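Chemist: Task: produce atomic coordinates for the following.
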Amino acid sequence: MGATSHLDQDPELGPHPNSDSAAGWQRWVPGIETARQYRLFWLPHDLVGGLVLSAMLVPVGIAYAVASGVPGIYGLYATIVPLLAYALFGPSRILVLGPDSALATLILGTLLPLSGGDPARAVALAGMMAVVAGLILILSGVLRLGFVTELLSKPIRYGAAKNGLGDKNMTDTLAEKTCTPCRGGVPPLTRDEAQRFQAQAPDWELGDDAHRIQRSFRCRNFRDALALVQEIGELAETESHHPDISFGWSYVTVSLSTKKIKGLHENDFIMASKIDRVFDRSGRPLDRQQ
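Modeler: Down below sits the predicted model:
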């Protein structure tokens with residue numbers, strides 16, 4: 001969100017939709033620029049991802065609609081339409097939208113006493129709730145009230161995601177993934193996207209304008225530091241994703257970035273979570289970070 005990434009100036013791809021150089025109106029509809037930059041060889045992977053996402057969201061959308069007190073078909077509408085809208089207006093390439101279980105109880109508690117058991121009235125009320133909520137969010141954006149979120153602590157801001165799976169399970173999810181070959185033409189993660197992944201690897205610090213993550217590990221002595229470096233090296237060879245490492249007496253510093261895109265990729269956070277797991281299993285240091 002701050003400085004322009006190296007790929008923003010790539011003559012082949014043109015400016016990235018999140019770039020500060022994008023035209024004024026294009027900043028509000030970044031999906032247009034994303035469509036212009038689309039590469040056909042991405043399509044097979046995206047089709048598979050779309051099928052998997054649909055298989056997950058269709059039953060979830062129907063179930064949450066019923067739990068909210070409206071007919072299940074409207075759950076499909078609430079699942080499909082936001083995804084299409086976000087593809088056009090949304091700035092993030094990794095955020096997935098869908099019905100949320102936390103809202104089902106709130107919606108049901110509002111609709112049940114007001115609808116009187118009439119499904120049509122329940123649908124109208126639910127639609128109005130969505131419109132009002134959307135207008136409040138748009139107004140907040142126009143008034144640039146995003147700073148209000150900074151008044152909340154990170155556990156509260158990321159709580160909705162963490163409470164669903166548990167903090168440990170969120171990290172385990174990344175650690176259980178495998179690094180995938182980074183295809184050319186993929187822009188690096190923005191600062192906001194990197195911060196979402198960082199919430200699952202909180203001991204790692206963002207650096208170089210969110211183009212790199214780094215963590216320092218404390219060890220008991222040089223031997224333990226060397227052993228940790230060797231384990232990280234073996235992991236890097238297995239994942240084919242290689243960090244920069246410096247070490248000495250009682251410390252190891254690991255830095256991760258994806259050189260092919262000159263910034264951060266999900267692979268970097270997958271490696272970070274796996275390195276955390278190696279460190280935790282080693283049992284060498286008592287302190288987690290300098």
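Chemist: which residues sit in contact with the closest residue to residue 265 other than its chain neighbours?
Modeler: Among residues not flanking residue 265 along the chain, residue 258 sits closest, at 4.1 Å (CB to CB, 6 or more residues apart in numbering). The way it works is simple: take the backbone N, C-alpha and C, and place the C-beta from them, glycine included. Residues in contact with residue 258 (CB atoms under 8 Å, 6 or more residues apart in numbering) are 182, 188, 241, 264-265, 267-268.
Chemist: and the helix or strand hosting residue 50, what's its mean pLDDT?
Modeler: Secondary structure assignment for residue 50, by DSSP states H and E: helix 43-68. Helix 43-68 shows a mean pLDDT of 86.
Chemist: Which neighbouring elements make contact with it?
Modeler: Helices and strands touching helix 43-68, by 3 or more CB pairs under 8 Å, 6 or more residues apart in numbering; DSSP states H and E, are helix 73-89, helix 101-115.
Chemist: Check which helices and strands the last one sits against.
Modeler: Here helix 101-115 is seen to pack against helix 43-68, helix 119-142 when contacts are counted using 3+ CB pairs under 8 Å, 6+ apart.
Chemist: Please work out which residues outside that helix touch it.
Modeler: When contacts are defined by CB under 8 Å, 6+ apart, helix 101-115 is touched by residues 64, 67-70, 121-122, 125-126, 129, 160, 164.
Chemist: which residues touch stretch 123-132?
Modeler: Residues outside stretch 123-132 that contact it (CB under 8 Å, 6+ apart) are 68-71, 74, 78, 107, 110-111, 114-115.
Chemist: Just the buried residues of these.
Modeler: Buried members of these, scored by 16 or more other CB atoms under 10 Å, are 68-70, 74, 78, 107, 110-111, 115.
Chemist: What's the separation between the residue nearest to the spatial centre of the chain and residue 250?
Modeler: Nearest to the geometric centre of the chain sits residue 196, at 4.7 Å (CA atoms, centre = their mean). The gap separating residue 196 from residue 250 is 32 Å, by CB to CB, to the nearest Å.
Chemist: Pull out the buried residues from the helix holding residue 50.
Modeler: Using 16+ other CB under 10 Å as the test for burial, helix 43-68 gives 57, 60-62, 64-65, 67-68.
Chemist: now that helix and helix 119-142, what's the angle there?
Modeler: Helix 43-68 runs at 120 degrees relative to helix 119-142, counting by axes from the mean of the first three to the mean of the last three CA atoms, to 10 degrees.
Chemist: chain center to helix 43-68: distance?
Modeler: On the basis of CA atoms, centre = their mean, to the nearest Å, helix 43-68 sits 18 Å off its chain's mean C-alpha point.
Chemist: Okay, angle between that helix and helix 101-115 too, please.
Modeler: Here helix 43-68 runs at an angle of 40 degrees relative to helix 101-115 (the same axes, to 10 degrees).
Chemist: count of neighbours near the closest residue to residue 205 other than its chain neighbours?
Modeler: Leaving aside its sequence neighbours, residue 205 sits nearest to residue 214 (CB to CB, 6+ apart; 5.5 Å). Applying other CB atoms under 10 Å, we find 17 residues neighbouring residue 214.
Chemist: hang on, residue 217 in a strand?
Modeler: Yes: the assignment for residue 217 (DSSP: H, G, I helix; E, B strand; the rest coil) places it in a strand.
Chemist: Relative to residue 221, how far out is residue 249?
Modeler: Computed as CB to CB, the residue 249 to residue 221 distance reads 7 Å.
Chemist: residue farthest from the centroid of this protein?
Modeler: Largest separation from the mean C-alpha position in the chain: residue 116, at 39.7 Å (CA atoms, centre = their mean).
Chemist: what comes up buried for stretch 206-224?
Modeler: Within stretch 206-224, the residues scored as buried using 16+ other CB under 10 Å are 206, 210-219, 224.
Chemist: Repeat that for stretch 193-204.
Modeler: For stretch 193-204, the neighbour count (16+ other CB under 10 Å) marks 193-201, 203-204 as buried.
Chemist: Can you say which two of those are spatially most distant?
Modeler: Across the buried residues of stretch 193-204, no pair lies farther apart than 193 and 203, at 18.8 Å, counting by CB to CB.
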